[in-house]
Every structure is written in structure tokens, then in C-alpha cells.
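Asks: coordinates only, sequence not included:
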């Protein structure tokens, strides 16, 4: 048997890694390089990052339907092509701001008096230009997961999908791990503009490999009969399931998709839990600096972040083998085995309750605990994505993925937006703001950790209530 499906999985992993690298260039160059040039404040930067979440969430609603409509190959190529273009366009925001504000050079913009009307004009114009570039980036990046999940559904049987998804989904944590080591040196050596261009070009290179390597399993010259039989093993077995059938055998429209409890179960799973991952991604460096005094650029700060994401990357892959254990060893059908595994995985983030208390002894405890919780999230996310392939036909997989991605984007916006407000409020209140023995910002972080801890149990309970047993939709 050939193993071309794993080569495709590796290609998805690279795409997801590039996706996260492109997303993080701004956050790793803003304070040191971009703020002084455009006279930005934290409010300006907050506006850009907040609206990126909204752009991403809105585009996710339609990205999946687009991929289902245009096909996996064209859909994925369009997605990564658009987001790579958006990433590169960030580099031209400086030149465009210079031209639109009538400045002679970038250096002249830097020398404008802070707080003056000219400085305000430069900041305003540049913010809108970056918003446009972020909108294009969000438009393309919204297509990554719908397309990747569709490829996984095409190339892997149900019992292997969560494991395959965990491998390509690990690109998210690998991207987060690699970005701090790669992007600042690029900006220092060549300028922040080239950091956007160099990272953005990686997507165009990936497109060349995808064009050459991807075909549906039935049409691929790299897949032999034995592997094809393995991929389609689910279709050779008649499962006794309760089936819900639409009146007409066709792909579900967006409106029709909302009529199924299975769709709402996926929406709930994404809405309650995606924000936890984004909170860890955006706030972990700030947490170690605010509470323990370790800057991300310091040796200890870097090692704390590296340790955190190393745990996430490797442990999540092994956790994703749980469904296979229940399906193979316990002879459970796909959905029941996956939900059993997700119930156990949902217990892992409860360790967040100990992050702040154990942090009183050492910052390494929160780093390890957040890493465990992050690994739990990635395993949860991989299995959650795989429930779509369990219950929906392949023609609708990307559509449902997009709908759930929109819900996850909204959840991410809410937790990150209100966490920032909570931290600002707690800092202003100082010792007057207390929670379970902690004061000020540490108390605020503890509150958010508590929310992260229970999010998965809550999501699993609602999902199980909506879809208590396996119900496959056939078109």
C-alpha cells in the first residue's frame, strides 16, 4: 500500500504553519518597528487586531461554501494565493501612507512631532491601509481550514481523520513557535517590510507543490489500489445509523445547513473553545511579563514560550490517537468513539485552575500547565473538525467548517477583547481588585483561566445534548 495520504497531510501541515506565520508578522514587528514610523498608539493597534478577528469570522461563513462550490484544488489555491498577497501588501503600507499624507520620506514621517495634527493624519491613514491589508489576509486565511478539512475527509477513513487533522493542525502551534525566532531577525536585518514579503512569498511557493501533488485519491497517480481501498473502507461497511435525509440529494446551502442540529453542535464546539486557544496565543507572552517580569525577548521569556508550545505540538498529536483506540479496541462507531475521546480531552483544560496558584512557586508551572491546556485544545479541535466528516457528506464538509469557523472567530474576538478590558481595569484598581487571594492583574488572569478551564466541559455537554447519538446526513 502506498502512503500518499500522509504526504498530503504534510502539505496541509506546511500550509497551516505558513498561515500562522503570516498572521503573526504584525504582532512581532509592531511595537519596535511600526509604532514609531506611523505614530501609533495601543488603541490603533488594538483596532487593527480586533477588526482582523471580525474579518476572519465573517469570511469563514462563506469560505467553506466557496471551497465546496469551486472544488478542493481551486479553492485551496485561491485561499493561499489571496492570503499570501494580503501578507505582502502590508509591506507597501508605508510607501502608500507617505504618498497619501504628502511626506517626503519614511524618515520624515518618523520626525513628525508626536501628538501633532500631521502625526494624527499619518496614524489614521496608515491604520486604514493596514486594515485593508488585514482584510485581504483574513479573506484568504478563512479558506485554509475548510479546504484542509475537505482534503482530510477525501484522503483518510474516519478512524484516522482526527490523527491526520492533529498533524496538520499542529502547524498552528509550530507557526507560533517558529515566528518569534524568525520574524524579528528578518525585520532587523532587512526592514519590517521585507519580513512581510519574505514570509508572504512562502505561500506562493507552497502553491507550486500543491498544483503538482494534489488530485482526488481516485485520480492520483501516487495512490495505488490498496491505499484507495483503505481510504474508502468506511463506504464498504454498512453502518446501522439513524439517518436524516434532505428532500433533494444536493449540497446543502448555507441556510439549509443551519437547519440541522449537527451544524449547531459544531458551532457550539467552536464558539466556546476557539477563543481559549487565541487567548493563549495572544496573551501568554504578556502574562509572563505582567505577572513574572519575563519579557518575550529575554532568555527566560523565550524558553517559557518555547516550552509551552513544544508541549502543545507533541502532546496534542498523541492525544488525537484516543478516538482510534475507542474505535479499534472498543469497537465503537466513529461518532461515539470520538465523543468519548472528546469528553476525556475536555477534562485536560481544567488544569488551568492551578496555573495561577502554582505560579507563586515558579513561572515554569504556568508554562507547563498552559502547554497542557493548549495540547488539550489542539486535540479537541482536531476531533471537533473530524465530527463534520463523520456526520456530513463530503460535498458539504467545507461549508460546515466555514460556519463553525465564523462562530469560533466571534468567540475569539469576545474573549480577547474583554480580557484586555479586564486587565486594564484590574491594573487601574490595583489591590482593590481581588479574586481568590490574588490582586490586580494576577487576579484578572486567574478569572480568565477559570473561564478557559470550564469552556470545554460546557461545550461538550451542549454538543452531546444536541446530538446524543450518531445521525448521519445523506444527500
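Replies: Yes, it's here. Keep in mind the model is a prediction, meaning the values are calculated, not measured. Numbers count the residues shown, from 1 in each chain.
Asks: quick one, what contacts residue 17?
Replies: Neighbour list for residue 17: 171-172, 174-175, 178 [criterion: CB atoms under 8 Å, 6 or more residues apart in numbering]. Glycine gets a C-beta too; all of them are placed from N, C-alpha and C.
Asks: Check those residues and tell me the two furthest apart.
Replies: Greatest spacing in those, by CB to CB: 172 and 178 (11.2 Å).
Asks: The two: which is more packed in?
Replies: With neighbours defined as other CB atoms under 10 Å, residue 172 and residue 178 compare such that residue 172 has more, 26 against 16.
Asks: and the gap between residue 1 and residue 329?
Replies: Look at residue 1 and residue 329: by CB to CB, to the nearest Å, they are 22 Å apart.
Asks: which one of the two has more residues nearby?
Replies: residue 1 (13 against 9).
Asks: can you pull the pLDDT of the more buried one?
Replies: pLDDT, residue 1: 88.
Asks: gap between it and residue 168?
Replies: Distance of residue 1 to residue 168, given as CB to CB: 21 Å.
Asks: residues touching the nearest residue in space to residue 378 that is not next to it in sequence, list them.
Replies: With sequence-adjacent residues excluded and distances taken as CB to CB, 6 or more residues apart in numbering, residue 378 is closest to residue 316, at 3.6 Å. Counting by CB under 8 Å, 6+ apart, residue 316 touches 166, 169-170, 173, 374-379, 382.
Asks: so where does residue 316 fall, helix or strand?
Replies: Element membership of residue 316, judged by DSSP states H and E, is helix 299-319.
Asks: now that helix: how far from the chain's centre is it?
Replies: Computed by CA atoms, centre = their mean, to the nearest Å, the chain-centroid distance of helix 299-319 equals 16 Å.
Asks: per-domain residue ranges of the chain.
Replies: With domains defined by automatic domain parsing, the chain comprises 1-237, 239-475.
Asks: hey, least reliable of those domains by pLDDT?
Replies: Here the lowest mean pLDDT among the domains of the chain goes to domain 239-475, at a mean of 84.
Asks: As a quick check, tell me the outermost residue of this structure.
Replies: Here the centre of the chain is the reference, and by CA atoms, centre = their mean the most remote residue is residue 104, at 39.7 Å.
Asks: so that one sits in a helix?
Replies: No - with DSSP: H, G, I helix; E, B strand; the rest coil as the criterion, residue 104 is assigned coil and is not in a helix.
Asks: Identify the residue spatially nearest to it, adjacent ones excluded.
Replies: Once flanking residues are discounted, residue 104 sits nearest to residue 98: 7.8 Å by CB to CB, 6+ apart.
Asks: For the stretch 1-150 of the chain, which segments are assigned as helices?
Replies: Along the stretch 1-150 of the chain, counting by DSSP state H, counting those that start in this stretch, helices occupy 4-29, 35-38, 42-70, 72-89, 93-100, 106-111, 117-141, 144-155.
Asks: ok, now the stretch 151-300 of the chain?
Replies: Counting by DSSP H, counting those that start in this stretch, the helices of the stretch 151-300 of the chain are 158-190, 192-213, 225-231, 254-257, 261-292, 299-319.
Asks: Of these, give the one that comes closest to residue 56.
Replies: Nearest of those to residue 56, taken as CB to CB: helix 261-292 at 10.3 Å.
Asks: which helices and strands sit right next to that closest one?
Replies: Applying 3 or more CB pairs under 8 Å, 6 or more residues apart in numbering; DSSP states H and E, we find helix 261-292 packed against helix 299-319, helix 364-391, helix 397-429, helix 440-466, strand 471-473.
Asks: Single out the most deeply packed of these.
Replies: Ranked by mean neighbour count under mean count of other CB atoms under 10 Å, the helices and strands packed on helix 261-292 are led by helix 364-391, which reaches a mean of 26.
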